[in-house]
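Chemist: Based on what follows, work out the 3D shape:
(4 chains)
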There are 2 protein chains.
Amino acid sequence: MAITIRDVAVRAGVSPATASRALTGTGSVDPATAARVRDAARELGYERNPWASSLRGGTTRKLAMIVPDLMNPFFAELVRSAQAYAHELGYLVLVAETDDDAAAELELLRSMADRVDGSLICTPQTAEAAQGRLVDEGPAVFLHRMSRLVPYVISDVTLGVRLAVENLVALGHRRIAYLDGPAESWSAGLRREAVAVVGAEFPDIDLVTVGQVRARFEGGVAGGDLVIASGATAVLAYNDVVALGLLHRLARRGLRVPDDISIVGFDDVPAAAMSSPALTTVAQPLAESARAGVDMLVALARGEKPAQRAVVLAPTLVVRESTAPPAPQPAQASRGAA
Amino acid sequence: MAITIRDVAVRAGVSPATASRALTGTGSVDPATAARVRDAARELGYERNPWASSLRGGTTRKLAMIVPDLMNPFFAELVRSAQAYAHELGYLVLVAETDDDAAAELELLRSMADRVDGSLICTPQTAEAAQGRLVDEGPAVFLHRMSRLVPYVISDVTLGVRLAVENLVALGHRRIAYLDGPAESWSAGLRREAVAVVGAEFPDIDLVTVGQVRARFEGGVAGGDLVIASGATAVLAYNDVVALGLLHRLARRGLRVPDDISIVGFDDVPAAAMSSPALTTVAQPLAESARAGVDMLVALARGEKPAQRAVVLAPTLVVRESTAPPAPQPAQASRGAA
DNA sequence: AATCACGATGGAAAGGGTTGCATAGATTCC
DNA sequence: GGAATCTATGCAACCCTTTCCATCGTGATT
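Modeler: From the prediction side, this is the model:
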């Protein structure tokens, strides 16, 4: 049988109530008493039973986290960071996967809502309509998803696109393709918008959108042919996985990266660093966003007003091997020279 | 306030005790009554409060799962599969990460042991000595780790190596390098042994071990030069991540894969399918092993004797683009010809 | 027909921690 | 100096579910 708070109380010579107050930090206890209780707890190796404390207290010190796909390193990193940081704050994170099933999401959320202090939602799919019902289910924060109703943490996609384009322009590229993601994806829409904004900032650069491919390796493979046809000397891909598919297809078509064409990805997944050539990519500040999200959620759960309703973080450009200056006379070689 | 079992009991016209029995399926209750209770629960949208039921019942319907690194797709897949399957069985999986810190592992385990029905341990590091203390902490099953004390699920590494070597031999390779993993790693030791066994099965093949590199991308990069020096026409890499590093280095050294040299990886991580060329690799049956592990653990937790003390699963070879017949005259080209 | 065994059910305790309320002592204020 | 305020603490109720134990029929056994 495990050590209970009663054992600690006896050892410290106080009542269980006082021991509880001393250990949770709620209510007022004499500092000396509190220290005695903490010592007793340490000496006995006491650990609070999280299930029991969830029972009476309105608070459970648990957070739910909902992601579409744990295999996706983007979400894996998000989960990992959130879990680590929440643990520091004394919270347990329960992770649930929706498998990209938007219907399952609300269901899942409802079933956990009473059992946790708040939910961290990382599913870019949630329909705008569902968000209204979502706020009824208790505190929630969106991660990498904007909302009018729910506080959120997001990275500045426009800045990310700008960093990538700036870099390519500095290398000397004048015609840049954007290989677009799936039409129905909210996050692809956001990125598409960002490309439009950045395109307007560089009036003398051709920023052409091609594709709308699946956000998968095969999508990139399919996009490869579109990119070649576009005549661009550089591509910004919807994300890293698409970029890797692209890389694969371009190699098959006999183009060398970065000599013949430059590629920039998005997200900086681990595989991006391990491809040949290694992928230049826009890194999202995942760990920071997870921390920020947990911070907001915990504040909300405690009934405090969070400092801000939205947090926007800055992505960074990781330059590796897939970008270089364009070939001197890429397509024009057949015209004057030779 | 959420709906409690009391509400359900009232609606079904029974006592909470009977309602509990009807819903959990324990004890004996009249089938008609049970149906009435289930109906009432459904109509009210009742969901059992997991924290409360953990409290009294000796059983928590929760499992702990301990992995070294969630970012590693190998473990991510394991977690995902375990979680999905456990959920079908009505169990919640709490995931904890050790960050490759063996000391943290036992600590972590101890702190969870009282709060869960059992632990699924996927950390190949656990010292043999620690395993004794581990069994005191309640039911546990090892995943991809053998043990004399603890039931385990593992895949047949020797078979995996044999599949890879068989395939390379069939392609015509006669000198094959094995790029070894870290000396101190238990799982590398296992693989090394398997290579020795398979080497003995093919007496007319040179199966040479090179390296002992870190199980990271950089390890593969470093190993590349060793592999080239070995004069082998094909390499079996410690795992996929190492194989990707190898691929990168070989490309840099001007060798074409698979024309000049064939590469086989191990694990079939997602990145293996997305490299150029895509990696031929030995796929471990992760989903199956997770299911088998959960099955064993749940049986153990229920006090049943598990059907078997160890489950050995068969890996498969996924042939992609990184393997091909050796070049006609690989290194001898400079001798007689030209 | 009386006894037994057993299935179905309810009452109540238990599980471990938190919290409302009451109280005692210390402090402050007029 | 007495009343009011505040702090520290304990008692007991409470959170929700499960389970032990007792009870009550009912059908079977002798």
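
Chemist: contacting residues around the closest residue in space to A:Pro258 that isn't next to it in sequence?
Modeler: Counting by C-beta to C-beta, 6 or more residues apart in numbering or on different chains, the nearest residue to A:Pro258 once its immediate chain neighbours are dropped is A:Ala324, at 3.7 Å. All C-beta atoms are positioned from the backbone trio N, CA, C, and that covers glycine. Listed by C-beta atoms under 8 Å, 6 or more residues apart in numbering or on different chains, the contact partners of A:Ala324 are A:Leu171, A:Pro258, A:Asp259, A:Ser262.

Chemist: can I assume the last one is in contact with A:Glu321?
Modeler: This points to A:Ser262. No: A:Ser262 is beyond contact range of A:Glu321, at 10.0 Å (criterion: C-beta atoms under 8 Å).

Chemist: C-terminal to the helix-or-strand element of chain A with minimal mean pLDDT, what's the next element?
Modeler: Using mean pLDDT, DSSP states H and E, the weakest-scoring helix or strand in chain A turns out to be helix A:128-136, at a mean of 68. For helix A:128-136, the succeeding helix or strand toward the C-terminus, using DSSP states H and E, is strand A:140-143.

Chemist: pLDDT on that following strand, on average?
Modeler: Mean pLDDT, strand A:140-143: 91.

Chemist: Output that strand in CSV with nothing but the alpha carbons.
Modeler: Extracted as CSV, the C-alpha positions of strand A:140-143 are listed here (Å, rounded to 0.1, in the frame of the first residue of the first chain):
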residue,chain,number,x,y,z
ALA,A,140,-9.1,25.4,-24.6
VAL,A,141,-6.2,26.8,-26.6
PHE,A,142,-5.4,26.3,-30.2
LEU,A,143,-2.0,25.5,-31.4
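
Chemist: That one: how far from the chain's middle?
Modeler: 11 Å (C-alpha atoms, centre = their mean, to the nearest Å).

Chemist: Show me which residues of the stretch 1-150 of chain A are close to DNA strand D?
Modeler: A:13-18, A:21, A:27-31, A:33-34, A:55-56 (C-beta under 7 Å from any atom of the strand).

Chemist: so which of these also contact DNA strand C?
Modeler: A:Pro16, A:Ala17, A:Arg21, A:Gly27, A:Leu55, A:Arg56.

Chemist: residue boundaries of the strands in the stretch 101-250 of chain A?
Modeler: In the stretch 101-250 of chain A, the strands defined using DSSP state E, counting those that start in this stretch lie at A:118-121, A:140-143, A:152-155, A:175-180, A:206-211, A:234-237.

Chemist: hmm, the first one in reach of chain B?
Modeler: In this case it means strand A:118-121. No: using C-beta under 8 Å from any C-beta of the partner chain, strand A:118-121 stays clear of chain B, with a minimum separation of 14.8 Å.

Chemist: where along chain A do the helices fall?
Modeler: A:5-12, A:16-24, A:31-44, A:50-56, A:73-88, A:102-113, A:128-136, A:157-171, A:186-201, A:217-230, A:240-252, A:270-273, A:286-301 (DSSP state H).

Chemist: Most tightly packed of these?
Modeler: helix A:240-252 (a mean of 26; mean count of other C-beta atoms under 10 Å in any protein chain shown).

Chemist: need the contact list for A:Leu300.
Modeler: Listed by C-beta under 8 Å, 6+ apart, the contact set of A:Leu300 reads A:Gly118, A:Pro139, A:Val141, A:Pro151, A:Pro306.

Chemist: ok, now with 7 Å
Modeler: Contact partners of A:Leu300, counting by C-beta atoms under 7 Å, 6 or more residues apart in numbering or on different chains, are A:Gly118, A:Pro139, A:Val141, A:Pro306.
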